[in-house]
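Visitor: Sequence and predicted model, in that order:
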Amino acid sequence: MSVKVLITGANYNNKGAQAMLFVCVDEIKKRVPDCDIYFGCGTGDPKLDNVSFKQICFSREGRYIALGGGQAVFNFFVAIAKGCIQFIKGKRHNLFRLWDVKKYIKSMDLIVDVSGFALGDKWSKRTNENFLNIIRLAKKNNVPIYIMPQSFGPFEFSEELSYLKEEIADLLQYPIRIFAREKEGYELLTKDFGLNNVVQSYDLVLQNKGVYLKNIYNSIPEISVPEIKTEHNVGIIPNKQCFRHGEEEDVLEKYKVIIQEVLSRDKEVYLFRHSGEDLVYCKKIADMFADEPRVHFLQNNFSCLEYDAFVKKFEFIICSRFHGIVHAYKNYVPVIALGWAVKYRELTEAVGQSSYIFDITAKNCKKEQILEAVKKMIDHADVERKTIQEHVNKIQTENCFECISEWVNNRNE
């Protein structure tokens, strides 16, 4: 009988989550070629026709229904109400799919979670509970689970949500292994909660040496990316969250002076998105250079595979999306990273690029500092490329998915 593996925590709309899904499918199939993989998708994820894995509905309401109890009844009626609203809007949802979790969960041999970041005080009660419900389902149905590299914490919950710390301390003992992507998350889980099943590990997309497309698709699609004019070019990939966490006008001004500096050094600039929600901010930046022919605004909605192919074309990029940066580093492309979270800082440190990370949302982040880094990058991009390559090659000597091989061997003994 074929091994059945359920992948949770990913989605198909966010390119970072899409990349984690594809890498997860690929790495599992490399180790368990004859397995059946199920992707636990949300109600908003599109139906995929050309992929090698199956999709089941793994919605918030479906999880509660599978867990049973009072919350199951309440969430059933919530799902009915949502379905009615969607019907009025002209959209239809198959309500029978609400039972997918209950129907499939008991038959799974393994759950692999790639949530990325869903547990900590930065998130709502709903988001934390959604993540914990994955572990509750695994535990209730005696299904082993691995939590693949992701961010955790902080856990300074409000008094109203303080009960979550007890839930976390209890439930996180169940997974066979939890991979913490950052040192901060590792220390929080091991010291604050006393967990002994936690391992620090680099991002799973960065560890992957390359996706074998036949592990993902039934028939391999064409990877199509735009041609760019010259070899002297810089890609700019903003992030909506930077404009939300910082002052929008200040962030726009920083992008303006950065692009002016790049243009002054005879470079072409390409603005494009990594996530759909970033398109409006690409346009706002592009509008500041409406009369500048060397600034190109691309509206392409790249898949994670297309983004990976396209990012190779640049001397360096200026990026605020975590997995946008990861794909660049995988291809040894240098990055000016404009991020605010710990994960950005630790990622740049991991590849010897700590002098190129800036919290663009912080009031003490001066545009002059960023400009100096941009000037340095322009002059030393080739050197930085070699530095990144050395570090990435070392990172890829280990792979968190070896835990799947261990699990298979233990299962067969």
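Guide: Nice, I can see it. Numbering: from 1, shown residues only.
Visitor: tell me the contacts of residue 374?
Guide: Residue 374 makes contact with 258, 261, 262, 318, 336, according to CB atoms under 8 Å, 6 or more residues apart in numbering. The C-beta positions use only the backbone N, C-alpha and C, and glycine is treated the same way.
Visitor: Pipe those into JSON lines and attach pLDDT per row.
Guide: Formatted as JSON lines, these follow (pLDDT from 0 to 100):
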{"residue": "258", "pLDDT": "96"}
{"residue": "261", "pLDDT": "96"}
{"residue": "262", "pLDDT": "97"}
{"residue": "318", "pLDDT": "98"}
{"residue": "336", "pLDDT": "98"}
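Visitor: just the helices in the stretch 151-300 of the chain please.
Guide: Taking DSSP state H, counting those that start in this stretch as the criterion, the stretch 151-300 of the chain contains helices spanning 163-171, 183-187, 204-207, 240-245, 248-264, 279-287.
Visitor: quick one: average confidence on the first one?
Guide: Across helix 163-171, pLDDT averages out at 96.
Visitor: List the neighbours of that helix that are in contact with it.
Guide: 119, 125, 128, 132, 135, 136, 139, 155, 157, 193, 194, 195.
Visitor: For residue 138, see how far away the fourth one is.
Guide: In this view, residue 132 and residue 138 are 11 Å apart by CB to CB, to the nearest Å.
Visitor: buried residues in the strand or helix carrying residue 377?
Guide: Element membership for residue 377, per DSSP states H and E: helix 367-395. Of the residues in helix 367-395, 367, 370, 373-374, 377-378, 384-385, 387-388, 391-392, 395 count as buried by neighbour count, 16 or more other CB atoms under 10 Å.
Visitor: Moving along the chain from that helix, name the first helix or strand you hit.
Guide: Following helix 367-395 toward the C-terminus (DSSP H and E): helix 402-412.
Visitor: Show me what that following helix packs onto, helices and strands only.
Guide: On a contact count with 3 or more CB pairs under 8 Å, 6 or more residues apart in numbering; DSSP states H and E, helix 402-412 meets helix 15-31, strand 110-113, strand 145-150.
Visitor: Now render the ones you listed as TSV, adding mean pLDDT, distance to residue 281 and mean neighbour count.
Guide: Below are the helices and strands packed on helix 402-412 laid out as TSV (pLDDT from 0 to 100; distance: least, CB to CB, whole Å; neighbours: other CB atoms under 10 Å):
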stretch	mean pLDDT	distance to residue 281	mean neighbour count
helix 15-31	96	15	23
strand 110-113	98	30	24
strand 145-150	98	25	24
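Visitor: May I see these organised as TSV, with distance to residue 309 added?
Guide: Conversion of the helices and strands packed on helix 402-412 to TSV gives the following (distance: least, CB to CB, whole Å):
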stretch	distance to residue 309
helix 15-31	13
strand 110-113	26
strand 145-150	24
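Visitor: Nearest to residue 399, out of those?
Guide: Residue 399 sits nearest to helix 15-31 of all the helices and strands packed on helix 402-412, at 7.2 Å, using CB to CB.
Visitor: can you pull the contacts of residue 15?
Guide: Residue 15 is in contact with 274, 275, 302, 303, 304, 307, 321, 323, 324, counting by CB under 8 Å, 6+ apart.
Visitor: Report pLDDT for the closest residue to it other than its chain neighbours.
Guide: Spatial nearest neighbour of residue 15, chain neighbours left out: residue 304 (4.7 Å); criterion: CB to CB, 6 or more residues apart in numbering. pLDDT, the model's per-residue confidence, is 94 for residue 304.
Visitor: I'd like to know how many residues surround residue 304.
Guide: Residue 304 is flanked by 24 other residues according to other CB atoms under 10 Å.
Visitor: Verify the contact between it and residue 327 for me.
Guide: Yes. Under the criterion of CB atoms under 8 Å, residue 304 makes contact with residue 327 at 7.5 Å.
Visitor: what sits in contact with each of those two?
Guide: The contact lists of residue 304 and residue 327 share residue 19, where a contact means CB under 8 Å, 6+ apart.
Visitor: any low-confidence regions in the chain?
Guide: 1, 44, 72-96, 413 (pLDDT under 70).
Visitor: can you do 80?
Guide: Residues of the chain meeting the criterion pLDDT under 80: 1, 13, 43-47, 69-98, 229-230, 340, 412-413.
Visitor: Figure out the helix or strand that the nearest residue to residue 228 once chain neighbours are set aside lives in.
Guide: Nearest-residue entry for residue 228: residue 313, 5.4 Å, with adjacent residues in sequence omitted and distances by CB to CB, 6+ apart. If you go by DSSP H and E, residue 313 is not part of any helix or strand.
Visitor: residue contacts, residue 313?
Guide: For residue 313, the contacting residues are 225, 228, 233, 235, by CB under 8 Å, 6+ apart.
Visitor: Going by distance to residue 115, which of these wins?
Guide: Within those, the smallest distance to residue 115 is 27.5 Å, found for residue 235 (CB to CB).
Visitor: do you know how far the closest one is from residue 334?
Guide: To residue 334, residue 235 is 11 Å away according to CB to CB.
Visitor: any common contacting residues for the two?
Guide: 316, 317.
Visitor: contacting residues around the most centrally placed residue in the chain?
Guide: By CA atoms, centre = their mean, the mean C-alpha position of the chain lies nearest to residue 16, the distance being 3.5 Å. The contact partners of residue 16, taken as CB under 8 Å, 6+ apart, are 116, 205, 274, 275, 304, 321, 322, 323, 324, 326.
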